[in-house]
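Peer 1: Fold the following, please.
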Amino acid sequence: MTYDYSKELIDDYEKLLDIDKGHDVIIYAGENENAKEIHAHSIILCIRSQYFRAAFSNEWADKKDGKFILKKSNISPHIFEIILRFIYCGKVNLAKLAKLQTRELLELLIAVDELNIQTLITCIQEYLIDHHYRILHHNPIEALETVYQLDTFSGLLDFFLEAICDRPEILFNTDNLIRLRAPLLESLLKRDDLLLDEIVIWDNLISWSFAQHPSIQRDIDKWNKEEIAVMKSTLQNFIPLIRFYQISFDDFHLKVYPFKLLLPEDLTNNILASYTASTNKELNNDIHPPRSPKYDTFIIKSQHFAIFSSWIDKKNDSYYNLRNIPYYFKLIYRASIDGASAEVFHKKCDNKGATIVVAKVKNSNYIFGGYSPLDWDLSNSYKSTLDSFIFTFTNKNNVKTAEVGYSNGQISIGCYRSYGPIFGYYLVYLGTNWWVYYGYSGNYPSIKIQILSSSGNIDIDDYEVFQVIKK
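Peer 2: Numbering: from 1, shown residues only. Got it, this is the predicted structure:
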């Protein structure tokens, strides 16, 4: 038998930060009016950090009156105190992190990398991933630039790029894009999952190029040879990344062809020829396929699948993120393509195991649907489970509008030949419409689907069904 009083020990170490006794380290954090003197204990710092072991070695140590002196003007006092508390007691106060501005979070990221505190590096990276939208929304350029410069966080950079590809409005068609460094823009344009029409990407690239050379006027007919050379040089690494063959003739003629001086002549000729060629083989060209999202859907984005995964495992909305989704979501049915009948639904979706249904209300950003862990089939019966759920997003572009309600374990899904998906007696696909029966909502008691129609039917633009497969 072992008695464990480690928590008491940790609490006592934390008290050392507050009582300010027995210290032999003076740290000058910050600069000017924000500077602060912080006291610490070299034995603890050295045990917990290779950085401090080197800093306090005989070769590097700066001492005065028997105390080690460390000057860190590049780290704000409150940032250093967060790090110091972790060193002493292994704690990170998430409430304090939540109060930090985006710039301060990035400063913390740089500081933990500089001080090489590996466990804290992992912790901060996880926090930034979990709160990536707030960070990218408030300051996308600084976030990308900071992570790009730190080799330790290459995985975080890839995650940020993927998040921007999924929500390109964070950067594209904004003033932020023109401040983006060329290597980062190049990394984005190399990706297959950038959710933008190719002509929009081209428009943004041209705007970015002009922003790099504000003295060059936009009227290309007035450029001299030097200006043409400068713009060619600016765009030379990007031209191969634009999928020109995915741009319509009208858009190419109106928006790309005026800049033909910046394109290789053979490329321009081949693109023009492609509009009259019946097949790509006639062109004898290696044509890049269209960009496509990570998930095959016309209705939702990648972040919705992370939320669905969290709900499937009965966790809170943000339990999973884009990086650690534990399921594959395979599109098996799209009403607008496959046909909106019950017969086609059962042909495509029966006996596929767990599935999730997603529908979009016509002329709206309102989406709704449901998850079933059980097979759809033609048994003409109801099935019961505590694991199925119904969900809504009042605005699919705002994940905070999400609501979910689980089955009470009775009459959870219905499998009938003449019907599509049925969730309880509440949410039913009949004919070519979804119907909501408020009087029968007891099977999913904790959620209400909002509809405008007094008759109970919901007009939709489309609905999709995904097979859910555990990774």
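Peer 1: and the nearest residue to Leu180 once chain neighbours are set aside, what does it touch?
Peer 2: Counting by C-beta to C-beta, 6 or more residues apart in numbering, Ile141 is the residue found nearest to Leu180 once chain neighbours are left out, at 6.1 Å. Backbone N, C-alpha and C define where each C-beta goes, glycine included. Going by C-beta atoms under 8 Å, 6 or more residues apart in numbering, Ile141 touches 176, 179-180.
Peer 1: Tyr28 too?
Peer 2: By C-beta under 8 Å, 6+ apart, the contact set of Tyr28 is 35-38, 69-73.
Peer 1: Let me see the mean pLDDT of the host helix or strand of Arg134.
Peer 2: In the assignment (DSSP states H and E), Arg134 maps to helix 132-138. Across helix 132-138, pLDDT averages out at 82.
Peer 1: try stretch 205-213
Peer 2: Here the average pLDDT along stretch 205-213 is 97.
Peer 1: quick one: contacts of it?
Peer 2: So stretch 205-213 is contacted by 177-180, 185, 189, 216, 218, 227, 230-231, 234-235, 238, 242, 259 (C-beta under 8 Å, 6+ apart).
Peer 1: Break down the stretch 151-300 of the chain into its helices, ranges please.
Peer 2: Assigned by DSSP state H, counting those that start in this stretch, the stretch 151-300 of the chain shows helices spanning 154-166, 182-189, 198-212, 225-235, 249-251, 265-274.
Peer 1: Give me the buried stretch members for the longest one, please.
Peer 2: To tie it back to what came earlier, the one meant is helix 198-212. Neighbour counts over helix 198-212 (16 or more other C-beta atoms under 10 Å) mark 198-206, 208-210 as buried.
Peer 1: from these, which is closest to Arg417?
Peer 2: Nearest to Arg417 among the buried residues of helix 198-212 is Glu198, at 43.6 Å by C-beta to C-beta.
Peer 1: how near is the closest residue to the closest one other than its chain neighbours to Ser274?
Peer 2: In space, and not counting its chain neighbours, Glu198 is closest to Gln246: 4.5 Å by C-beta to C-beta, 6+ apart. Gln246 sits 10 Å away from Ser274, going by C-beta to C-beta, to the nearest Å.
Peer 1: Ok, Asp250 next?
Peer 2: Asp250 sits at a distance of 14 Å from Ser274 (criterion: C-beta to C-beta).
Peer 1: Next: Leu100.
Peer 2: Distance check for Leu100 against Ser274: by C-beta to C-beta, it reads 51 Å.
Peer 1: Compare the two and say which is more crowded by neighbours.
Peer 2: The neighbour count for Leu100 versus Ser274, taken as other C-beta atoms under 10 Å, is higher for Ser274 (19 against 16).
Peer 1: I'd like the distance between the residue nearest in space to the middle of the chain and Ser441.
Peer 2: Nearest to the geometric centre of the chain sits Ala163, at 3.0 Å (C-alpha atoms, centre = their mean). To Ser441, Ala163 is 36 Å away according to C-beta to C-beta.
Peer 1: Domain-wise, how is the chain divided?
Peer 2: Under the assignment automatic domain parsing, the domains of the chain span 6-149, 197-283, 302-470.
Peer 1: Go through the ones you listed and pick out the most buried.
Peer 2: With neighbours defined as mean count of other C-beta atoms under 10 Å, these peak in mean count at domain 302-470, which reaches a mean of 18.
Peer 1: Just checking the distance from that domain to the centre of its chain.
Peer 2: 23 Å (C-alpha atoms, centre = their mean, to the nearest Å).
Peer 1: Next, the residues that contact the helix holding Arg134 from outside, please.
Peer 2: By C-beta under 8 Å, 6+ apart, helix 132-138 touches 101-102, 105-106, 128, 143, 159-160, 163-164, 167, 170, 303, 321.
Peer 1: Which strands and helices lie in contact with the host helix or strand of Ser310?
Peer 2: According to DSSP H and E, Ser310 maps onto helix 302-312. If you count contacts as 3 or more C-beta pairs under 8 Å, 6 or more residues apart in numbering; DSSP states H and E, helix 302-312 packs onto helix 154-166, strand 327-334, strand 367-372, strand 389-393.
Peer 1: Compile the ones you listed into a markdown table and extend it with columns for distance to Tyr295 and mean pLDDT.
Peer 2: Below are the helices and strands packed on helix 302-312 laid out as a markdown table (distance: least, C-beta to C-beta, whole Å; pLDDT from 0 to 100):
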| stretch | distance to Tyr295 | mean pLDDT |
| --- | --- | --- |
| helix 154-166 | 9 | 87 |
| strand 327-334 | 6 | 94 |
| strand 367-372 | 14 | 96 |
| strand 389-393 | 16 | 96 |
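Peer 1: Let me have these in CSV, adding distance to Tyr429 as columns.
Peer 2: What follows is the helices and strands packed on helix 302-312, written out as CSV (distance: least, C-beta to C-beta, whole Å):
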stretch, distance to Tyr429
helix 154-166, 28
strand 327-334, 11
strand 367-372, 10
strand 389-393, 13
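Peer 1: Out of those, which is closest to Ser418?
Peer 2: Closest to Ser418 of the helices and strands packed on helix 302-312, according to C-beta to C-beta: strand 327-334, at 17.0 Å.
Peer 1: Would you mind identifying the next helix or strand past the closest one?
Peer 2: Note on strand 327-334: by DSSP H and E, the next helix or strand toward the C-terminus is helix 335-338.
Peer 1: May I have stretch 199-214 as CSV, with CA atoms only?
Peer 2: Presented in CSV, the C-alpha positions along stretch 199-214 are these (Å, rounded to 0.1, in the frame of the first residue of the first chain):
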residue,chain,number,x,y,z
ILE,A,199,-11.7,32.6,-60.4
VAL,A,200,-12.1,34.0,-56.8
ILE,A,201,-8.6,32.7,-56.0
TRP,A,202,-7.3,34.4,-59.1
ASP,A,203,-9.0,37.7,-58.2
ASN,A,204,-7.5,37.6,-54.7
LEU,A,205,-4.0,36.7,-56.1
ILE,A,206,-4.1,39.7,-58.4
SER,A,207,-5.2,42.0,-55.5
TRP,A,208,-2.4,40.6,-53.4
SER,A,209,0.2,41.2,-56.1
PHE,A,210,-0.8,44.8,-56.6
ALA,A,211,-0.6,45.3,-52.8
GLN,A,212,3.0,44.1,-52.8
HIS,A,213,3.8,46.9,-55.4
PRO,A,214,1.5,49.8,-54.6
